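Trainee: Give me coordinates for this.
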Amino acid sequence: MTATARPGRYGRRRDQLVALGWLVLVWNLLWGRFSVGNLVGGVLVGGAVLLFFPLPPVSFAGRLRPRALLVLAGTFVVELVSASAHVAAIAVRPGYRPRGAIIGVRLRVRTDLNLALTAELISLVPGTLILEVDRDAGILYVHVLDVRGPADLTGSRDRILAVEERIVRAVGSEAEQRQLTGGAP
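Mentor: Numbers count the residues shown, from 1 in each chain. Below you'll find the predicted structure:
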């Protein structure tokens, strides 16, 4: 596990205020209108959620790279459309019974943020589902659909590692990028 700096008191408070703002916004959207009562209720409910269900701090040591973010977003859209068409074709094919498999993929960058982002992007693509995350070992256990042989398993692992690489290239630190190539952390 790579060590990351914990955010200071100011950074933690700022993160909590941002989370509270989002919770208040969602609360008001769920009620369907903005009013003083809904704003106050949102602050109370959001404050209670943050008080009783605190999330561990997630530090961001990287920097945003716009070109790599565009590559990440564009590739994700292409994979999303392609996988959707593939799953739709499987669904309408008469008599075809696709075989699934569960694979474990060890990520090269084991930070909590990288694990979460990679798992989210993988889960959003039809035909793949994250079953478990081994945080300590940095392993994602993924169910993949329509596996016909060992080449499909290797291809699925390679696609997951490619998603991880695009994420690290888009938002990772220099040390995390060195980990992709096997360099020292």
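Trainee: Can you list the low-confidence ranges for the protein?
Mentor: Along the chain, the model assigns pLDDT under 70 to residues 1-11, 57-61, 183-185.
Trainee: Report the central residue of it.
Mentor: When CA atoms, centre = their mean is applied to the chain, the residue found nearest the centroid is residue 117 (2.4 Å).
Trainee: In space, what's closest to that residue - neighbours in sequence excluded?
Mentor: Excluding the flanking residues, the one nearest residue 117 by CB to CB, 6 or more residues apart in numbering is residue 167, at 5.0 Å. Any C-beta I mention is one placed from the backbone N, CA and C, and that applies to glycine too.
Trainee: Can you give me the buried ones in stretch 18-36?
Mentor: Buried residues in stretch 18-36, counted by 16 or more other CB atoms under 10 Å: 20, 23, 24, 27, 28.
Trainee: any idea how far the third one is from residue 46?
Mentor: Meaning residue 24. Per CB to CB, to the nearest Å, residue 24 is found 5 Å from residue 46.
Trainee: So residue 130 sits against residue 122, correct?
Mentor: Yes. Contact criterion CB atoms under 8 Å: residue 130 and residue 122 qualify, at 6.0 Å.
Trainee: Between the two, point out the one with more neighbours.
Mentor: Neighbour comparison, residue 130 and residue 122: the larger count goes to residue 122, with 21 against 16 (by other CB atoms under 10 Å).
Trainee: A strand includes the more buried one, no?
Mentor: No. Under the criterion used here (DSSP: H, G, I helix; E, B strand; the rest coil), residue 122 is helix, not part of a strand.
Trainee: Report the buried residues of stretch 100-111.
Mentor: Neighbour-count burial for stretch 100-111, counted by 16+ other CB under 10 Å, picks out 103, 105, 107, 109, 110, 111.
Trainee: Make CSV from the residues you listed and add distance to residue 90 to it.
Mentor: Output for the buried residues of stretch 100-111, formatted as CSV (distance: CB to CB, whole Å):
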residue, distance to residue 90
103, 18
105, 22
107, 28
109, 32
110, 33
111, 35
